[in-house]
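Undergrad: build me a structure from this.
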Amino acid sequence: MVALQITAASVEPALFDLPWHIPLEEWPDENIAALPRGISRHVVRFAHLGGKVIAIKEIGEFTAHREYELLRDLARLEAPAVTPLAVVTGRVDVEGQPLQAVLVTEHLPYSLPYRAAFGTFLKPETADRLIDALSILLVRLHLLGFYWGDVSLSNTLFRRDAGEFAAYLVDAETGELNVSLSDGKRTYDIDVARTNIIGELMDLQAGGMLDEDIDVVAWGDRLEERYTTLWGELTRVDSFASNERWRVAERINRLNTLGFDVGELSMTSNTSGSSVSIQPKVVDAGHYHRQILRLTGLDVEENQARRLLNDLESYRALTGRAGQPLSEVAHEWMSHVFEPAVNAIPVHLRGRLQPAEMYHELLEHRWYMSEKAGHDVSMNYAVRSYIDNILIYRPDEKALLGAIIDRD
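TA: Below is the predicted model:
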């Protein structure tokens, strides 16, 4: 008889307490965490493990080990993907019949499958933001040399990011990691993404969740156009006159605005010295994320980080310290501005959004209130209004209990 085996990078003794002898789709309610699930060709369930939630997918043993190792490689590269926890093999039921192996990953807090991101009806502007987030994710993965093979909204999780969305890879079953990616494989990924998105949106139309008059093909085209524009901005070679060296800084600033850091530049000049070419050699995502993490310790999404940095800059200017380094102002901003605003939210409502997303919405709400009043309103007043008029009506995105979307 084959013994139960758990392959894991870290010790998780509680894994042995889960009912591995029961087929995953029959697990008792006491083990199941009621979270929204996306469409999957495999049985997928969320389960409680100690004080956290894990995602479990029944899959073939070879594929489970392969995806586990691939997700570990992506984690080492700091790619936006779910974190692998373990592979469980040697499962048998109470009658001794073999059961499929499972891949266990950590649940990404506040993340949503695309169907749960917009509720019961998809607004065009929400679809635009989801597709933009997916195109950025695809570019980031391709820059790392990752070929996905099955790009789709269904294989992606989304987290709110200062009014936009940040996308995370959740299914790497068909992927492979290379030193670099050929144009052919990039093109194939884009074609698959376009085809899958059109099909997924057509499915929403058939289910009455998307207006039938909307051109879903145009949304598939949007991903391709957005990807092509961003990829070109990140990888193209610029040529300019030798007396226009300011364009180097301009190019770097433009990349920073897109949320990418330039790790190395390759610059060459012709024999006459009249022109210079520049190309980013190493481009890392998360420019603003790293800045706000270094300044405040807040680990947030890229657009959230940009919004927090803007507010920190405003605080520095309004307190008359424009010439003072941000690093010296950041602690005071945290203790006098950010933390009091977030801590003013009642405890039972804090889980409804990530703290950084909640602060972003507070800033938005305060701006609209001030515009309507014709003068600046206080943060305390804005917080009370935000709680009473907006937050209490928001679903709890940390749990979304009962909002299960399951079409396995």
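Undergrad: which stretches of the stretch 51-200 of the chain aren't confidently modelled?
TA: Residues of the stretch 51-200 of the chain meeting the criterion pLDDT under 70: 118-122.
Undergrad: can you pull out the helices in it?
TA: 61-76, 114-117, 124-143, 183-206 (DSSP state H, counting those that start in this stretch).
Undergrad: what's the most buried one of these?
TA: Looking across those with neighbours counted as mean count of other Cβ atoms under 10 Å, the highest average goes to helix 114-117: a mean of 24. (Glycine included, C-beta is placed from N, CA and C.)
Undergrad: with only the CA atoms kept, save it in PDB.
TA: C-alpha atoms of helix 114-117 as PDB (Å, rounded to 0.1, in the frame of the first residue of the first chain):
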ATOM      1  CA  TYR A 114     -13.000  37.700 -12.800                       C
ATOM      2  CA  ARG A 115     -16.700  36.700 -12.400                       C
ATOM      3  CA  ALA A 116     -16.700  37.800  -8.800                       C
ATOM      4  CA  ALA A 117     -14.900  41.100  -9.500                       C
END
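Undergrad: now the helices of the stretch 51-200 of the chain as CSV including distance to M369?
TA: Compiled in CSV, these are given as follows (distance: least, Cβ to Cβ, whole Å):
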stretch, distance to M369
helix 61-76, 42
helix 114-117, 27
helix 124-143, 23
helix 183-206, 35
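Undergrad: I'd like to know which of those lies nearest to V300.
TA: helix 124-143 (15.2 Å; Cβ to Cβ).
Undergrad: relative orientation of that closest one and helix 61-76 in degrees?
TA: Helix 124-143 runs at 90 degrees relative to helix 61-76, counting by axes from the mean of the first three to the mean of the last three Cα atoms, to 10 degrees.
Undergrad: next one: helix 124-143 to chain centre, how far?
TA: Distance of helix 124-143 from the chain centroid (Cα atoms, centre = their mean, to the nearest Å) equals 10 Å.
Undergrad: do stretch 152-168 as well
TA: Taking mean C-alpha positions (Cα atoms, centre = their mean), stretch 152-168 and its chain are 5 Å apart.
Undergrad: what bridges to L157?
TA: Bridge pairing for L157 (DSSP bridges) gives the partners P113, Y168.
Undergrad: wait, is S277 part of a strand?
TA: Yes: the assignment for S277 is a strand, going by DSSP: H, G, I helix; E, B strand; the rest coil.
Undergrad: wait, it sits on R247?
TA: No: if you go by Cβ atoms under 8 Å, S277 and R247 don't touch, sitting 11.0 Å apart.
Undergrad: now the common contact residues for the two.
TA: Shared between the contact lists of S277 and R247 (criterion: Cβ atoms under 8 Å, 6 or more residues apart in numbering) are residues D238.
Undergrad: packing partners of the helix or strand containing L223?
TA: Assessed by DSSP states H and E, L223 sits inside helix 216-235. Applying 3 or more Cβ pairs under 8 Å, 6 or more residues apart in numbering; DSSP states H and E, one finds that helix 216-235 contacts helix 124-143, helix 183-206, helix 246-257, strand 275-285.
Undergrad: go with 6 Å
TA: helix 124-143, helix 183-206 (3 or more Cβ pairs under 6 Å, 6 or more residues apart in numbering; DSSP states H and E).
Undergrad: tell me the buried residues in it?
TA: Neighbour-count burial for helix 216-235 flags 216, 219-220, 222-224, 226-227, 230-231, 233-234 (criterion: 16 or more other Cβ atoms under 10 Å).
Undergrad: for the stretch 251-400 of the chain, what are the low-confidence residue spans?
TA: Using pLDDT under 70, the flagged stretches of the stretch 251-400 of the chain are 263-276, 278-284, 396-400.
Undergrad: which stretches in it count as helices?
TA: Along the stretch 251-400 of the chain, the segments classed as helices by DSSP H, counting those that start in this stretch run 287-296, 302-318, 326-333, 339-343, 355-373, 379-389.
Undergrad: where's the shortest one relative to the chain centroid, distance-wise?
TA: Same thing as helix 339-343. Relative to the mean C-alpha coordinate of its chain, helix 339-343 is positioned 24 Å out (Cα atoms, centre = their mean).
Undergrad: still on that earlier bit, contacts for the helix holding L223 next, please.
TA: For helix 216-235, the surrounding residues in contact (Cβ atoms under 6 Å, 6 or more residues apart in numbering) are 127, 131-132, 135, 138-139, 190, 193-194, 197-198, 201-202, 283.
Undergrad: just those residues now: which is nearest L210?
TA: Closest approach to L210 among these (Cβ to Cβ): L201, at 6.1 Å.
Undergrad: give me the nearest residue to the closest one, chain neighbours excluded.
TA: For L201, ignoring the flanking residues on the chain, the nearest one in space by Cβ to Cβ, 6 or more residues apart in numbering is V216 at 3.9 Å.
Undergrad: any idea how far G199 is from that neighbour?
TA: For V216, the distance to G199 equals 9 Å [Cβ to Cβ, to the nearest Å].
Undergrad: same question for V94.
TA: Using Cβ to Cβ, V94 is found at 40 Å from G199.
Undergrad: now swap in H48 and tell me
TA: Separation of H48 from G199 (Cβ to Cβ): 34 Å.
Undergrad: how does this protein divide up, domain by domain?
TA: When the chain is parsed with automatic domain parsing, its domains come out as 5-106, 112-235, 238-285, 288-393.
Undergrad: confirm P19 sits in a helix?
TA: No: counting by three-state DSSP, P19 is located in no helix; its state is coil.
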